[in-house]
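Enquirer: heads up, no residue letters with this:
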């Protein structure tokens, strides 16, 4: 256990999981470079370079550049993610969806099936929209028409379903969360080219060595702060009283806690905020009306109004999404059913009010951190002259990379600890008077 990295491939089960995960990720990255027939990629990429601050640019980041190359995996895992978020939001509105979430394995199985159906529908809609988008780019499509539209819908929908299947295979047979790992590798796939660009800028004198060292130091500090806030939690103490189980058995009282993360909403507030803040720029790209251009100039990337609006939206969506994914009333009822209680707080409604008050208070520093992590890296990268690193070290990408990395490392550590414990038990098994006993 002193060197867990060297131990990873010595454990047969863990080695198979890691190799299987790497194989699936390799297939995903290969498919992300297979271009749909009839597309002029240079013309598309030249036009896509003008859309980095729009919805197109953000979506392209999540699919590893597949959208700007018109590959068969251009939609990536995003239709499935969108369908999952849609059902998560619907659970707060429709009791039937909420009931399925609480039905255990059977309910989750139904919900997963409905999510897959929604993924197919969203993929077809997005495929149609993307085909219309491509047809409007001069020289990007060789033969636009109904045949090209049907081809794009069929190809992109099939690709999205196959990517969804790849993600499920990683989750079931590999290591880590498959959907998250696909997005993780889509974000970091441009890291080698970004490093090459930085080296070239330093070589020609566009970026000084001192500025580069300062940038690296600040970004390491930002990553460390992101890890700390991602793992930070406020523990609410709970008491489980002494209970008679029957036949003289007594369960002694226990003390435990309910962890409440400082950032319960994850990266979703930044994604929602980006989807809204880039609407003016997206409209200005596809429309030349004067009032739209004026409105877009007020919220231009890098302006004061852009940063202030972005921060306000992030804080708002942090509280909004936290209220959806975390229900204090359900938690209080579950504690009451188990006979547990928060010391000094009456079970039931008072406990729900207490949990809601704590959640409201800890959400504020989490929201402020999300706003800072979404804005500060872009300001820093722009001042140094390397704004293209925002795709990797920006707020959304950084939180996803850190979160997925921590989750995958924790799963590996669990496998190592389990293997170590099993080995200890095997070494402690001895024979005593013809029977096997543990010592």
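Expert: Perfect, thanks for sending it. The model shown is predicted, which means the values in this text are computed figures rather than measured ones.
Enquirer: okay, buried residues for stretch 101-112 please.
Expert: If you call a residue buried by 16 or more other CB atoms under 10 Å, then stretch 101-112 has these buried ones: residue 111. Heads up, the C-betas are built off the backbone N, CA and C, glycines and all.
Enquirer: next: stretch 13-33.
Expert: 14, 17, 18, 20, 21, 24, 25, 28, 29, 31, 32.
Enquirer: doesn't residue 175 make contact with the fifth one?
Expert: When you say that, I think you mean residue 21. Yes - between residue 21 and residue 175 a contact is recorded at 5.2 Å, counting by CB atoms under 8 Å.
Enquirer: shaky segments in the chain?
Expert: Applying pLDDT under 70 to the chain picks out residues 1-7, 48-58, 242-253, 275, 278, 281-288, 301-302, 384-395, 419-439.
Enquirer: let me see the domain layout of it.
Expert: Taking automatic domain parsing as the reference, the chain has its domains at 1-188, 190-393.
Enquirer: what about the strands in this structure?
Expert: 233-240, 243-246, 249-251, 254-261, 429-432, 435-438 (DSSP state E).
Enquirer: quickly compare the domains of the chain and say which is most buried.
Expert: Using mean count of other CB atoms under 10 Å, the stretch among the domains of the chain with the largest mean neighbour count is domain 1-188, at a mean of 17.
Enquirer: distance from that domain to the middle of the chain?
Expert: 12 Å (CA atoms, centre = their mean, to the nearest Å).
Enquirer: then stretch 334-349?
Expert: On CA atoms, centre = their mean, the centre of stretch 334-349 falls 33 Å from the chain's centre.
Enquirer: what sits up against that stretch?
Expert: 236-241, 243, 256, 258, 332-333, 351, 354-355 (CB atoms under 8 Å, 6 or more residues apart in numbering).
Enquirer: and those residues as CSV, adding distance to residue 212?
Expert: Below are those laid out as CSV (distance: CB to CB, whole Å):
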residue, distance to residue 212
236, 44
237, 47
238, 50
239, 54
240, 55
241, 60
243, 62
256, 48
258, 45
332, 52
333, 55
351, 52
354, 49
355, 46
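Enquirer: need the contact list for residue 324.
Expert: With CB under 8 Å, 6+ apart, residue 324 has these contacts: 88, 89, 91, 92.
Enquirer: how far away is it from residue 226?
Expert: Here the criterion is CB to CB, to the nearest Å. By it, residue 324 lies 23 Å from residue 226.
Enquirer: please apply the same query to residue 235.
Expert: Distance from residue 235 to residue 226, counting by CB to CB: 21 Å.
Enquirer: surely residue 352 and residue 331 touch.
Expert: Yes - between residue 352 and residue 331 there is a contact under CB under 8 Å: 7.4 Å.
Enquirer: report the central residue of this structure.
Expert: residue 400 (4.7 Å; CA atoms, centre = their mean).
Enquirer: so how far is residue 36 from that one?
Expert: 26 Å.
Enquirer: repeat that for residue 368.
Expert: For residue 368, the distance to residue 36 - CB to CB - is 43 Å.
Enquirer: ditto for residue 240
Expert: 58 Å.
Enquirer: equivalent analysis for residue 338, please.
Expert: Relative to residue 36, and taking CB to CB, residue 338 is found at 54 Å.
Enquirer: could you do residue 383 as well?
Expert: 39 Å.
Enquirer: residue 187 touches residue 61, doesn't it?
Expert: Yes - Residue 187 is within contact range of residue 61, at 6.4 Å (criterion: CB under 8 Å).
Enquirer: residue 71: what's it in contact with?
Expert: 31, 32, 33, 34, 35, 36, 159.
Enquirer: now residue 156
Expert: Contacts of residue 156 (CB under 8 Å, 6+ apart): 36, 72, 74, 75, 123, 126, 127, 130.
Enquirer: mind putting the residues you listed into TSV with distance to residue 148?
Expert: Below are those laid out as TSV (distance: CB to CB, whole Å):
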residue	distance to residue 148
36	9
72	15
74	14
75	17
123	17
126	16
127	11
130	11
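Enquirer: of those residues, which is the nearest to residue 312?
Expert: Closest approach to residue 312 among the contacts of residue 156 (CB to CB): residue 126, at 29.1 Å.
Enquirer: how near is the nearest residue to residue 266 once chain neighbours are set aside to residue 184?
Expert: Among residues not flanking residue 266 along the chain, residue 403 sits closest, at 6.7 Å (CB to CB, 6 or more residues apart in numbering). With distances taken as CB to CB, residue 403 is found 9 Å from residue 184.
Enquirer: right, and residue 28 touches residue 72 too?
Expert: No - look at residue 28 against residue 72 with CB under 8 Å: they stay out of range, at 11.1 Å.
Enquirer: now do stretch 25-35: everything it contacts.
Expert: So stretch 25-35 is contacted by 41, 63-66, 69-73, 76, 159, 162-163, 166, 170, 181-182, 185-186, 189 (CB under 8 Å, 6+ apart).
Enquirer: among these, which ones are in helices?
Expert: 41, 66, 69, 159, 162, 163, 166, 170, 181, 182, 185, 186 (DSSP state H).
Enquirer: residue contacts, residue 289?
Expert: Per CB under 8 Å, 6+ apart, neighbours of residue 289: none.
Enquirer: ok, residue 183 - contacts?
Expert: 62, 76, 77, 81, 400, 404.
Enquirer: which two from those end up farthest apart in space?
Expert: 76 and 404, at 14.7 Å, using CB to CB across these.
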